[in-house]
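Student: Next input, structure requested:
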Amino acid sequence: MAAVRFCSHCGSSLAARPPTKCGRCGVEHWRNAKPAAGALVQDDRGRLLLVRRGRPPWVGFWDLPGGFCDHDEAPEETARREVAEEVGAAIEIVGILGLWLDRYDPEEPDEDAMWCLNVYYFARLTADATVNATPTDHGAEVSDIAWFFPEELPRQIAFPDHAAEVLSAWQQRQRGS
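Tutor: Numbers count the residues shown, from 1 in each chain. Sure thing, here's the model as predicted:
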């Protein structure tokens, strides 16, 4: 993701990368973390639902269902929407695990890197929901869907800068510690 180089208000070139102020119209420009939300969907056997990523970054790695918040969308709604899009199931949010900051794409140069502020929710499938386990039904975003017990989580996890901490926190909660 390229850094902002032009004013979003008047179109003038910015003298510096954000944070900066436009020299022509005075509008301030910032580089803020992009909000994202994900769901730790657990079944009645204690397994966690993961999806295998079908698009960059981290193609082929396992991930928690989730994604970026729309501009007018609360993070809880993002988590619900993303699970519906990625696994074809409705969820009920039952709690919050926490917030983590991470770098979205490891291939981007540091000065262009996009940072995300991720909120993770505990969730369960609604009473009438089922996970559609046919990967082709999920579009290009997801290539596979699977349930994992806490001690059997896969090693290839997307967004390792924060995902390992998220999964560790989830595992600790499962053990009651």
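
Student: which residue sits farthest out from the middle of this structure?
Tutor: residue 24 (36.4 Å; CA atoms, centre = their mean).

Student: Residue 14 is in contact with that residue, correct?
Tutor: No: if you go by CB atoms under 8 Å, residue 24 and residue 14 don't touch, sitting 9.5 Å apart. For glycine as for every other residue, the C-beta is placed from the backbone atoms N, C-alpha and C.

Student: Report the spatially closest residue to residue 120, excluding sequence-adjacent ones.
Tutor: The shortest distance from residue 120 to any non-neighbouring residue, by CB to CB, 6 or more residues apart in numbering, is to residue 97 (4.4 Å).

Student: sorry, that was for residue 171
Tutor: That would be residue 150: by CB to CB, 6+ apart, it lies 4.7 Å from residue 171.

Student: Could you check how far that neighbour is from residue 159?
Tutor: Separation of residue 150 from residue 159 (CB to CB, to the nearest Å): 19 Å.

Student: Which of the two has more residues huddled nearby?
Tutor: Neighbour count, other CB atoms under 10 Å: between residue 150 and residue 159, residue 159 has more, with 25 against 16.

Student: Where does the residue lying closest to that one once chain neighbours are set aside sit: helix, strand or coil?
Tutor: Excluding the flanking residues, the one nearest residue 159 by CB to CB, 6+ apart is residue 102, at 5.5 Å. Look at residue 102: counting by DSSP: H, G, I helix; E, B strand; the rest coil, its state is strand.

Student: and residue 102, bridged to which residues?
Tutor: residue 116 (DSSP bridges).

Student: Double-check the residue nearest to residue 171 against residue 174; I have them as touching.
Tutor: Yes: between residue 150 and residue 174 a contact is recorded at 4.9 Å, counting by CB under 8 Å.

Student: and for those two, which residues touch both?
Tutor: Shared contacts of residue 150 and residue 174, defined by CB atoms under 8 Å, 6 or more residues apart in numbering, are found at residue 46.

Student: re the thing from before, which residue packs closest to the residue farthest from the centre of the chain, ignoring adjacent ones?
Tutor: Nearest non-adjacent residue to residue 24, counting by CB to CB, 6+ apart: residue 12, 4.1 Å away.
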